[in-house]
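# Sequence and predicted structure are below.
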Amino acid sequence: MASTDSRLNKLEFRPGFHRESTQYSEQGSWYDGNRVRFRNGKPENLRGYNLFSNTSFDGTARALRTWANNDSEKLLAFGTEQKFYIYGTNGSITDVTPFRDTFDGSDIQLTASSPLVKVSITNHGVSVNDWLEFTSCTPTTGGFNLVDSNYGGPIYAVASVESLNVFYVSTVSAPVSTTTTQAGGGFYLSTGLTNSIQGLGYGAGVYNAGTSTTGERAWNEAAESSSITFALTQWSLDNWGEDLIANRRGEAIFYWDQDASTSPVRMTSVTNAPSFNNSIIVSPQDRHLIALGSVPFGGSELDPMTVRWADQEDYTEWTPSATTTAGEFRFTDGTEIRGAVRSRNNINIWTDNALYLMQYVGPPFTFSQRQVGSNCGLIAPHAAVDYNGISYWMGENDFFAFDGQVKVLDCTFRTYLFENFNMAAADKVYAGINSEFREIIWLWPSNASADTGVIDSYVIHSPEGNYWVYGSSFYSTFQDRNVFNNTIATGNNYIWNNEPEDIYSGYDVDTGQNMALSSFIESADFDVQDGNQLMFLDRIIPDYDITDGSIQFTIVTKKYPNGPETTKGPYTITASTQKIDLRARGRQAFVRIDSNSQNTSWSWGAPRISMQPDGDR
């Protein structure tokens, strides 16, 4: 029974996570959590996710775009290090990866009972795990046809490479006899990189640079002083009307015509465009196709600080002249252009160190450029978004916003985040907007993913609610609900509906079942009655909105900030729980809520704790 001397005190904390200092010094705040957001200053758990499409895809998506065509049909496009895909209204994912080259009448050697098929093509240029498609094949005795899906076709991955002229692909079923046939088809773009890698071996560093006490370095061993990095595969996407423009970093520009009559409607290279480009964007209103990091006019090598654009309304005309609006200029602050977004009739362009504004001004200059910030570079190509005319982005050690001037955002756990950041995979950071909750989200890789480099975390900022939270995630891209009915994300080789209404669970593709989606939130330490004396805590009066399930409440007390802890709980709380009786003593305490029940939604109200002075014993 509670003492008559006990007084009820509300458990109230500032919204967002605050951990720039110790758990005790952040008192009055929330300190840690996962899969929670704040509504009207009160925490609640995030909704869950389910499959957008039950078809998997190859690789990890690095760019995602949704739009509607002129017939109001909803489309979705994304590119991975292996392929490029379009999702259409027929509910299927279509591989539209462009061919880098084609072949015809090539010798194909089939060996009885062996799934390895020998392909002889002079100077084929393929590597293991590259893809090719057989579009024609002369069937052999037994009817073995490489175009037939019964044998794994028409698309195959390269299993091994014997020489410059011979490689092997693996089929699902083996031919019944040994013979030679003829086939034609096309090579996909070479498979790119899942992770950035440092240059190896000869040419990767200072001559004879050693990594050991003897000063010797073996062939193909990483040079400690190497400045050569092979960047992971990135895509940039934009619309040209109802069609799509795409660029794979460092390569050509591609066009996808959604009205083309071929099947599938495969992307093709843009005629006359620069051969090498790092990213693309289409300018608003005036419609120029712009390459960011490109080959200067008359040159042959990519300059990562050069901006080039094609003629107005003509993405195939790139020659500057008196009769075109094509042109170029070069930025100077930084070493490479990282990314760009459209904002307030400008294009905001970031280098690794600066922010520039590019604006259409008409003939004769077409575009103007103006630097508006330095020491505020972009950490990754997709690390910036524009929300309500304000650009938000992640830099290499800060978050920024531009509303006419560059501002450093006050992230309440900045030090914690960047100390746990896997900088080797920083190029994968992906920013998105969740307009339903008025949030900016960044997907980022933590040090926990150092072995794989995968994105495993998120950070959310609410400009209107002025709070920051973080948590765990497996998404690699994120797209707002402006086309489909909810936000769309990619991860683990699938497309996902993120936070559909009334879904508070995750989906396991291995079992085909919904699964519980855990969440928790933990407060910073708070002084019990200012911490001047020991207090006795004897009752919790819950006030939570809980649907379909339960939450677990834990309180931890201690006499000193670095002293031993006494844990009480976890106590199960449901929608009908009236009170929790307990016995705890301490000068400081913190509370924690956990949820591991399937389909459970919960939100914090105004719970109270009963306490009274206690003797120091």
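Cool, got the structure.
# My read is that Trp393 contacts Val429, right?
No: the pair Trp393 / Val429 is not scored as a contact, 9.5 Å apart, by Cβ atoms under 8 Å. All C-beta atoms are positioned from the backbone trio N, CA, C, and that covers glycine.
# shared neighbours of these two, anything?
With contacts taken as Cβ atoms under 8 Å, 6 or more residues apart in numbering, Trp393 and Val429 have 379, 383 as neighbours in common.
# the more surrounded of these two?
The neighbour count for Trp393 versus Val429, taken as other Cβ atoms under 10 Å, is higher for Trp393 (31 against 22).
# Run through the strands of the stretch 101-250 of the chain in chain order.
Applying DSSP state E, counting those that start in this stretch to the stretch 101-250 of the chain gives strands spanning 116-120, 131-137, 155-163, 166-170, 179-188, 197-198, 229-230, 235-240, 243-248.
# got those strands as TSV, with mean neighbour count, distance to Gln371 and mean pLDDT columns?
Putting the strands of the stretch 101-250 of the chain into TSV (neighbours: other Cβ atoms under 10 Å; distance: least, Cβ to Cβ, whole Å; pLDDT from 0 to 100) gives the following:
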stretch	mean neighbour count	distance to Gln371	mean pLDDT
strand 116-120	19	52	93
strand 131-137	20	42	94
strand 155-163	16	46	95
strand 166-170	19	49	94
strand 179-188	18	40	92
strand 197-198	14	31	78
strand 229-230	12	26	82
strand 235-240	21	22	98
strand 243-248	23	24	98
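# To Asn90, which of those lies closest?
strand 243-248 (17.1 Å; Cβ to Cβ).
# If you count contacts, what does whichever helix or strand comes after the closest one end up packed against?
Sequence-wise, the next helix or strand downstream of strand 243-248 (DSSP states H and E) is strand 253-256. Using 3 or more Cβ pairs under 8 Å, 6 or more residues apart in numbering; DSSP states H and E as the contact test, the elements touching strand 253-256 are strand 243-248, strand 268-269.
# Looking at these, which is nearest to Ser163?
Checked against Cβ to Cβ, the stretch from these lying closest is strand 243-248, at 27.2 Å.
# Each with direction, which strands does that closest one pair with?
Using DSSP bridges, strand 243-248 pairs in its sheet with strand 235-240 (antiparallel), strand 253-256 (antiparallel).
# wait, which of those strands is closest to Thr179?
Per Cβ to Cβ, nearest to Thr179 of the strands paired with strand 243-248: strand 253-256, 37.4 Å.
# Alpha carbons of the closest one, as PDB, please.
In PDB, the C-alpha atoms belonging to strand 253-256 read as follows (Å, rounded to 0.1, in the frame of the first residue of the first chain):
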ATOM      1  CA  ILE A 253      23.600   9.000 -69.900                       C
ATOM      2  CA  PHE A 254      20.600   6.800 -70.700                       C
ATOM      3  CA  TYR A 255      17.100   7.400 -71.700                       C
ATOM      4  CA  TRP A 256      14.000   5.200 -71.100                       C
END
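# what does that strand rub up against?
77, 84, 86, 96, 98, 240, 243-248, 265, 267-270, 273-274, 277, 280, 289, 291, 315.
# before we move on, back to that, any chance of the strands paired with strand 243-248 in a markdown table, with distance to Gly404 too?
Output for those, formatted as a markdown table (distance: least, Cβ to Cβ, whole Å):
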| stretch | distance to Gly404 |
| --- | --- |
| strand 235-240 | 25 |
| strand 253-256 | 32 |
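# Can you say which of those strands is nearest to Gln405?
With Cβ to Cβ as the criterion, Gln405 lies closest to strand 235-240 of the strands paired with strand 243-248, at 26.6 Å.
# Now do the closest one: everything it contacts.
Contacts with strand 235-240, where a contact means Cβ under 8 Å, 6+ apart, come from 62-65, 67, 77-79, 84, 244-249, 255, 279-282, 287, 289, 315, 339, 381.
# Filter these down to the buried ones.
Among the contacts of strand 235-240, those that count as buried by neighbour count (16 or more other Cβ atoms under 10 Å) are 62-65, 67, 77-79, 84, 244-249, 255, 279-282, 289, 315, 339, 381.
# got the residue ranges for the strands in the stretch 251-400 of the chain?
Ranges of strands within the stretch 251-400 of the chain are 253-256, 268-269, 277-282, 289-294, 303-309, 327-330, 337-343, 346-351, 354-362, 366-374, 384-387, 390-394, 399-402, based on DSSP E, counting those that start in this stretch.
# Tell me what angle the third one forms with strand 235-240.
So that's strand 277-282. 30 degrees (axes from the mean of the first three to the mean of the last three Cα atoms, to 10 degrees).
# same question, the fourth one
Relative orientation of strand 289-294 and strand 235-240, computed by the same axes, to 10 degrees: 160 degrees.
# partner strands of strand 289-294, parallel or antiparallel?
Assessed with DSSP bridges, strand 289-294 is paired to strand 277-282 (antiparallel), strand 303-309 (antiparallel).
# And it, what's buried?
Residues of strand 289-294 classed as buried by neighbour count (16+ other Cβ under 10 Å): 289-294.
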